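Enquirer: Sequence and predicted structure below; questions after.
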Amino acid sequence: MKIGILQTGQSPQELRATLGDYPDFFRHLLAGRGLSFQTWHVEAMEFPASVHDADGWLITGSRHGVYEDHPFIAPLEQFIRDAFDASVPMVGICFGHQIIAQALGGKVEKFAGGWAVGAQEYDFGGQTLTLNAWHQDQVTRAPDSAELLGTNPFCANAALIYPGRALTIQAHPEFSDEFVQGLIDTRARGVVPDPIQDQAEARMGGKRDNAQIADRIEAFFRDNRAASKPAA
């Protein structure tokens, strides 16, 4: 099964050579599951010719806000709507979670409550999962087509499911603690309040449920693959 990665940002240059870039993280997260990958760097205006160029699409995180005026935002939103209408399954992570919601009629804003950085607990239908996060923006109003999948007191719409069409998660199951520490060292100083950085660093090395999210992502792609093929 071929997964198209729509890359909407890059890891910091200082970290890229040793830890990799965002598509690398997802290849690692989903390794050993019989999936193949191709990346389109949509941030650089490299888009697939068709929503059927892959069996499913994965939209990465980004340092950009989905509400900002970047050239790639509008065509990416249209691609999302086209894939949704064609029943080609999509997975969105952080920025990907947000832009799918915005493209389908939801609302994304810079959250007044501030930042979530590092390990966070989320309620997935009664199952508590711990995942790394790195965000200030949030989906503050979900689209009508979405159902709530995961939440916590800080982030109400932490994960959404669009039945048969999309699975989106605000947290970063692809982020290791090492990468979060790298982000703190390269991007957080003077941006993320010191107490939030300190709390994130204090929880480094603890349990993360990334593999359980990888299971959900794989199952979502495989369960919805059949509907993605264009009519003959």
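Expert: All right, it came through fine. No experiment lies behind these values; they were computed from the predicted model shown.
Enquirer: From now on I want contacts and neighbour counts done on CA atoms only, so please keep to that.
Expert: Noted.
Enquirer: Show the residue spans covered by the strands in the protein.
Expert: Ranges of strands in the chain, per DSSP state E, are 2-6, 36-40, 56-59, 90-93, 107-110, 116-124, 127-135, 137-141, 147-150, 159-162, 166-169.
Enquirer: Ok, which of those strands comes nearest Arg16?
Expert: Closest to Arg16 of those, according to CA to CA: strand 36-40, at 16.2 Å.
Enquirer: Packing partners of the closest one?
Expert: In terms of contacts (3 or more CA pairs under 8 Å, 6 or more residues apart in numbering; DSSP states H and E), strand 36-40 is packed against strand 2-6.
Enquirer: Listing partners with orientation, what would you give for the strand it packs on?
Expert: Strands adjacent to strand 2-6 in the sheet, as given by DSSP bridges, are strand 36-40 (parallel), strand 56-59 (parallel).
Enquirer: For the last one, output the C-alpha coordinates as PDB.
Expert: To tie it back to what came earlier, the one meant is strand 56-59. The C-alpha coordinates for strand 56-59 follow below in PDB (Å, rounded to 0.1, in the frame of the first residue of the first chain):
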ATOM      1  CA  GLY A  56      -3.700   7.200   1.200                       C
ATOM      2  CA  TRP A  57      -2.300  10.600   2.200                       C
ATOM      3  CA  LEU A  58      -0.400  11.700   5.300                       C
ATOM      4  CA  ILE A  59      -0.100  15.400   6.100                       C
END
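Enquirer: Can you get me the centre-to-centre distance for that strand and its chain?
Expert: Distance of strand 56-59 from its chain centroid, counting by CA atoms, centre = their mean, to the nearest Å, is 10 Å.
Enquirer: Contacts made by it with the rest, please.
Expert: The contact list for strand 56-59, computed with CA atoms under 8 Å, 6 or more residues apart in numbering, reads 2-8, 88-93, 95-97, 221, 225, 228.
Enquirer: nearest to Gln181, of the strands of the chain?
Expert: strand 116-124 (8.6 Å).
Enquirer: next one: phi and psi at the closest residue to Pro143 other than its chain neighbours?
Expert: Once flanking residues are discounted, Pro143 sits nearest to Gly106: 4.3 Å by CA to CA, 6 or more residues apart in numbering. Main-chain torsions, Gly106, degrees, to the nearest 10: phi -80, psi -180.
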